[in-house]
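Chemist: Below is the structure, and that's it, no one-letter string:
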Ligand SMILES: Nc1ncnc2c1ncn2[C@@H]1O[C@H](COP(=O)(O)OP(=O)(O)OP(=O)(O)O)[C@@H](O)[C@H]1O
């Protein structure tokens, strides 16, 4: 194994990264760090530049400016890259005639890794029973598992997953979630992209959100959720409209969160309770609101979108 630099922790550092394809600026000066022991969610709408960034990190494309470093070094300077970083980019990019196990054996061989490791990763991803079948007959979930086995082959401290839950069934999603969490708990640095915030809800510790090739948010998920949830209470009542009227009259901002649920902002819980009781509006529950990651992200990016250069509301 290639020695890592003593005292260094596994990180991905992206600095002022820029990539243009003809008239499209795919990545427009990105800077962020992926730290060890955490799952960093990499989010943004379709076309935001996530896959391009991952390809640049993995040396599959060259940046026009800036750099992406794996443990302080560009990917292309790593002598045994699979032992530094593993990646799942396009799980379907497999030779259909090749058996799952042979695909991994070939990868192991070309990277100077032993056969034993192939059996270990097949067990780890639960693909051992299907390892001798041809990849062309694999379901999407099996392809994902094989791709993840390949990423884990070199036991790397850094892992990248591009949209790993795409097309997976609920069991597959739960499995990937658990795997990513346990890999992070082992101290690895994990970057996982998604265009759906809800998919990252129970996976990510940290969030790097991008839009049009630029960072729009770089934040801890816990902080983001705490800020978005702060001072809001959730009320369950069959008389939603009446409750909304009473609370809004008292100065609260009320939003609908479900058939019988409203979220109240701007009034403390005991005041909400007193107002509803005084108005004889029954409610079955009153609790502290926990914002979804999706809602927290919308709050966070709303200002950025409203004041983005080039929009009508831009500030000059
Ligand atoms: N090889 C390429 N040639 C030309 N344009 C490209 C190329 N790769 C990416 N782009 C363009 O760069 C922009 C960013 O694409 P990218 O695939 O990185 O976004 P993404 O955030 O991964 O999107 P998605 O969520 O749809 O996968 C898009 O406008 C895309 O069309």
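Modeler: Received it, and whenever you're ready, just let me know what you need. Because the structure is predicted, anything quoted here is derived from the model rather than measured.
Chemist: Please enumerate the helices of the protein.
Modeler: 50-57, 100-110, 115-124, 140-152, 170-185, 197-200, 221-229, 240-249, 269-278, 293-306 (DSSP state H).
Chemist: for the fourth one, packing partners?
Modeler: If contacts are counted by 3 or more C-beta pairs under 8 Å, 6 or more residues apart in numbering; DSSP states H and E, helix 140-152 sits against strand 85-88, helix 100-110, helix 115-124, strand 158-162, helix 170-185. For glycine as for every other residue, the C-beta is placed from the backbone atoms N, C-alpha and C.
Chemist: Do any residues in stretch 79-98 lie close to the ligand?
Modeler: No: using C-beta under 6 Å from any ligand atom, stretch 79-98 never reaches the ligand; the gap is at least 10.3 Å.
Chemist: actually stretch 56-63, not the one I wrote
Modeler: No: counting by C-beta under 6 Å from any ligand atom, the ligand has no neighbours in stretch 56-63; the shortest distance is 7.6 Å.
Chemist: Next: stretch 64-72.
Modeler: No: applying C-beta under 6 Å from any ligand atom, one finds stretch 64-72 out of contact with the ligand, separated by at least 12.6 Å.
Chemist: Could you check how far that stretch is from the centre of its chain?
Modeler: Relative to the chain's own centre, stretch 64-72 is displaced by 21 Å; criterion: C-alpha atoms, centre = their mean, to the nearest Å.
Chemist: repeat for stretch 211-229
Modeler: 12 Å.
Chemist: got it, and stretch 192-204?
Modeler: With C-alpha atoms, centre = their mean, you get 4 Å for stretch 192-204.
Chemist: Check the model's average confidence along it for me.
Modeler: Computed over stretch 192-204, the mean pLDDT rounds to 87.
Chemist: Show me what the residue most central in space within the chain is bridged to.
Modeler: Geometric centre of the chain, nearest residue: residue 41, 2.6 Å, by C-alpha atoms, centre = their mean. Residue 41 has these beta-bridge partners by DSSP bridges: residue 192, residue 207.
Chemist: so where's this structure shaky on pLDDT?
Modeler: Applying pLDDT under 70 to the chain flags residues 1-8, 91-92, 94, 302-316.
Chemist: Show me the domain layout of it.
Modeler: Domains of the chain are assigned by automatic domain parsing as 12-219, 232-288.
Chemist: distance between the ends of the longest one?
Modeler: Between the opening and closing residues of domain 12-219 lies a distance of 16 Å (C-alpha to C-alpha, to the nearest Å).
Chemist: Which residues of the chain lie near the ligand?
Modeler: Selection of the chain residues close to the ligand by C-beta under 6 Å from any ligand atom yields 21, 24, 26, 44, 46-52, 195.
Chemist: From those, list the buried ones, please.
Modeler: 26, 44, 48-52 (16 or more other C-beta atoms under 10 Å).
Chemist: I'd like to know which of these is nearest to residue 209.
Modeler: For these, the residue nearest residue 209 by C-beta to C-beta is residue 44; the value is 5.9 Å.
Chemist: so who does the nearest residue to the closest one once chain neighbours are set aside touch?
Modeler: Distances taken as C-beta to C-beta, 6 or more residues apart in numbering put residue 210 closest to residue 44, at 4.1 Å, once the chain neighbours are dropped. Counting by C-beta atoms under 8 Å, 6 or more residues apart in numbering, residue 210 makes contact with 30, 42-44, 48-50, 53, 216.
Chemist: about what we covered before: Serialize the helices of the chain to a markdown table and add fields for distance to residue 90.
Modeler: Shown next, in a markdown table, are those (distance: least, C-beta to C-beta, whole Å):
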| stretch | distance to residue 90 |
| --- | --- |
| helix 50-57 | 9 |
| helix 100-110 | 14 |
| helix 115-124 | 19 |
| helix 140-152 | 8 |
| helix 170-185 | 16 |
| helix 197-200 | 18 |
| helix 221-229 | 27 |
| helix 240-249 | 46 |
| helix 269-278 | 49 |
| helix 293-306 | 26 |
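Chemist: If anything else comes up later, I'll come back, but that's it for now.
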